[in-house]
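# Generate coordinates for the sequence data below:
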Amino acid sequence: ADEAEFLLYLSVRGIDVKNVKLFFYMLGSMREDNVIDLKSLVKACVRMKGFATSIDLQSVSFEAKLMHGQVKEMLEAISKRIDKLEV
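Prediction:
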């Protein structure tokens, strides 16, 4: 099926995907092999159905803040290890 047919298929089911390539890139990037299994595709489509609610947006914001904190901690730990190597 081509991109337009896939968009129509999703649209009829109330799922609005503006950019199919980006949608599949995001799904594939979750795994090292970039393979998208059927369960992950269905789960992503179900989550995209309908409008985002305030709690959806808060959830994404919270997850982003958590990841930012984790990355910051990892960078600090790496920096300390590098400093020890330089001594």
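
# ok, which stretches of this structure are helices?
3-12, 20-28, 38-48, 54-86 (DSSP state H).

# quick check: angle from the longest one to helix 38-48?
Same thing as helix 54-86. 120 degrees (axes from the mean of the first three to the mean of the last three CA atoms, to 10 degrees).

# State the mean pLDDT of helix 54-86.
Averaged over helix 54-86, pLDDT sits at 91.

# thinking again about what came up before, which one of the helices of the chain is the most hemmed in?
helix 20-28 (a mean of 14; mean count of other CB atoms under 10 Å). Glycine gets a C-beta too; all of them are placed from N, C-alpha and C.

# any idea how far that one is from the chain center?
Put simply, helix 20-28 sits 9 Å off its chain's centre (CA atoms, centre = their mean, to the nearest Å).

# Would you mind writing the CA trace of that helix as PDB?
C-alpha atoms of helix 20-28 as PDB (Å, rounded to 0.1, in the frame of the first residue of the first chain):
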ATOM      1  CA  VAL A  20       3.900   8.800   7.600                       C
ATOM      2  CA  LYS A  21       7.700   8.600   7.100                       C
ATOM      3  CA  LEU A  22       8.300  10.400  10.400                       C
ATOM      4  CA  PHE A  23       5.700   8.200  12.100                       C
ATOM      5  CA  PHE A  24       7.400   5.000  11.000                       C
ATOM      6  CA  TYR A  25      10.900   6.500  11.800                       C
ATOM      7  CA  MET A  26       9.800   7.200  15.400                       C
ATOM      8  CA  LEU A  27       8.400   3.700  15.800                       C
ATOM      9  CA  GLY A  28      11.500   2.100  14.200                       C
END
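
# ok and that helix relative to helix 3-12, angle-wise?
Angle of helix 20-28 versus helix 3-12, following the same axes, to 10 degrees, is 70 degrees.

# And the contacts of helix 20-28?
Here helix 20-28 makes contact (CB atoms under 8 Å, 6 or more residues apart in numbering) with 3, 6, 7, 17, 34, 35, 36, 40, 41, 44.

# Quick check: closest non-adjacent residue to the fifth one.
Pointing back at residue 34 there. residue 28 (4.0 Å; CB to CB, 6 or more residues apart in numbering).
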